[in-house]
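Q: predicted structure and sequence below. I'll ask about it afterward.
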Amino acid sequence: MTENLFVVGDEYEGERIDRYLAMMLTEQSRSYLKSLIKDGLVTVNDAPVKPSTAVEPGDRVCLQIPERIIPEARPEDIPLDILYEDDDLLVVNKPKGMVVHPAPGHYSGTLVNAVLWHCGDRLSGINGVLRPGIVHRIDRDTSGSLIVCKNDLAHRSIAEQLKEHSIKRVYSAVLHGRLPGDRTIDQPIGRDPANRLRMAVRKDGKRAVTHLHPLELFRDYSYVECILETGRTHQIRVHTSWIHHPIIGDEVYGPRKKAPFSTQGQCLHAGYLAFVHPRTGEMIETRAPLPTYFENVLQTLRAQQGGNS
């Protein structure tokens, strides 16, 4: 059990205790802190509180965080859509809804569980026992191409290519509104100070560059190609939202009014990857076909467009 002690400053007067703690401990989620409060592990001036309790300047806040027991990732017989494979790496087409690596709330059914079954102990160990072979990731509700490394040589090479932004990554997306033409968004991205689960365009963030190219325009939507020049967390989702063309189905960065499509998350697919093979120096290119849900959205839009012509 780890104990954290705080004295509330004047600037936090009237703040809810759960929100106050989330600002003090940015590495912890607000929902997790709420659960600790409900379990009686948070006191203010030695008295237990509710998540909605307001703090006052000078209050003494004590938070006890239990030691987390992290289970070991285990192999699971989950089918993989493999786009490329050799002795050093593989490229998989991750389905929408699959988490890349085990984390609190998702210790099974992840891509890592599936890869462990497929590769056994032939995975790079640089990122530890919960993320073997994983050198980059895509969001749970984003589908598409992901590189998995089978050894440390491959892992270091792919990591260096990612750092140098030399891996070409092209995504497909359907956006709200009509994007009139090609657009390059060069805006820095950092953690949203108001919500640690979100990213935001911030002057003090890291440089992020996304190139957008319209493929088809509909009455109220755009089917676009998104080329990443950098690879920040949620980059495409943040940038398209910033230009007021958020991805349909994006419940974090999109409008509160849902799009009239069944996307089960953002309509975003990592379709194309091109990188230099770590051992041979050969250029490897892979293409993940659009998933069924994405094709259904496009068919619906095309049918509506035809009916309005």
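A: Thanks, I have the structure now. Residues are numbered from 1 along each chain as shown.
Q: any idea how far S124 lies from N151?
A: To N151, S124 is 6 Å away according to Cβ to Cβ, to the nearest Å. Where C-beta positions appear, they are placed from N, C-alpha and C, glycine not excepted.
Q: quick one, which of the two is more surrounded?
A: S124 (23 against 18; other Cβ atoms under 10 Å).
Q: now do the contacts for that one.
A: Neighbour list for S124: 132-133, 135, 149-152, 154-155 [criterion: Cβ atoms under 8 Å, 6 or more residues apart in numbering].
Q: from T240, how far off is it?
A: Distance from S124 to T240, by Cβ to Cβ: 32 Å.
Q: how about D141?
A: From D141 to T240 the distance is 15 Å (Cβ to Cβ).
Q: can you check S143 too?
A: Distance, S143 to T240, by Cβ to Cβ: 17 Å.
Q: repeat for D204
A: Between D204 and T240 the distance is 21 Å, computed by Cβ to Cβ.
Q: over to P289?
A: 22 Å.
Q: please say which of the two ends up with more neighbours.
A: T240 (29 against 13).
Q: elements contacting the host helix or strand of the more buried one?
A: For T240, the element it lies in under DSSP states H and E is helix 235-242. On a contact count with 3 or more Cβ pairs under 8 Å, 6 or more residues apart in numbering; DSSP states H and E, helix 235-242 meets strand 168-176, strand 183-186, strand 189-191, strand 199-201, strand 209-217, strand 221-228.
Q: in TSV, list the ones you listed along with mean pLDDT, mean neighbour count and distance to F275.
A: Output for the helices and strands packed on helix 235-242, formatted as TSV (pLDDT from 0 to 100; neighbours: other Cβ atoms under 10 Å; distance: least, Cβ to Cβ, whole Å):
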stretch	mean pLDDT	mean neighbour count	distance to F275
strand 168-176	97	22	8
strand 183-186	98	15	22
strand 189-191	94	18	23
strand 199-201	96	20	24
strand 209-217	98	17	18
strand 221-228	97	21	13
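Q: how about those, which one is nearest Y293?
A: Across those, Y293 has its closest neighbour in strand 168-176 (10.6 Å, Cβ to Cβ).
Q: all the helices of the stretch 51-200 of the chain, residue numbers only.
A: Applying DSSP state H, counting those that start in this stretch to the stretch 51-200 of the chain gives helices spanning 111-119, 152-163.
Q: could you say which of those is packed most deeply?
A: Comparing the helices of the stretch 51-200 of the chain by mean neighbour count (mean count of other Cβ atoms under 10 Å), helix 111-119 ranks first with a mean of 21.
Q: got a list of contacts for that helix?
A: Contacting residues not belonging to helix 111-119 are listed as 73-80, 82, 90, 92, 94, 98-102, 123, 130-134, 146, 148, 150 [Cβ under 8 Å, 6+ apart].
Q: drop anything exposed from those.
A: Among those, those classed as buried by 16 or more other Cβ atoms under 10 Å are 73, 78, 80, 90, 92, 94, 98-102, 123, 130-134, 146, 148, 150.
Q: which members of those residues are positioned in strands?
A: 90, 92, 94, 146, 148 (DSSP state E).
Q: would you mind measuring from the fourth one to Y84?
A: Looking back up the chat, that one is L146. 11 Å.
Q: I figured T210 was touching R237, is that so?
A: No - contact between T210 and R237 fails when scored by Cβ atoms under 8 Å: they sit 10.0 Å apart.
Q: ok, back up a step: now, which of the contacts of S124 sits nearest T233?
A: So of these, ranked by how close each gets to T233 (Cβ to Cβ), first place is V135, at 15.0 Å.
Q: just to check, that closest one is in contact with I158?
A: Yes - with contact defined as Cβ under 8 Å, V135 counts as touching I158 (4.8 Å).
Q: overlap in contacts, these two.
A: Common neighbours of V135 and I158 (Cβ under 8 Å, 6+ apart) are 147, 149.
Q: what angle do the longest helix along the chain and strand 221-228 make?
A: Determined from DSSP state H, the single longest helix within the chain is helix 292-308. Calculated by axes from the mean of the first three to the mean of the last three Cα atoms, to 10 degrees, helix 292-308 forms an angle of 140 degrees with strand 221-228.
Q: who wins for proximity to Q264 among the helices of the stretch 51-200 of the chain?
A: Closest among the helices of the stretch 51-200 of the chain, using Cβ to Cβ: helix 111-119, at 17.5 Å.
Q: gap between C62 and R30?
A: 18 Å.
Q: who has more neighbours out of those two?
A: R30 (18 against 14).
Q: returning to what we had before: so which of the ones in strands among the buried ones among the contacts of helix 111-119 is the closest to G177?
A: K94 (27.7 Å).
Q: hmm, the closest one is touching L146, no?
A: Yes - contact criterion Cβ under 8 Å: K94 and L146 qualify, at 5.2 Å.
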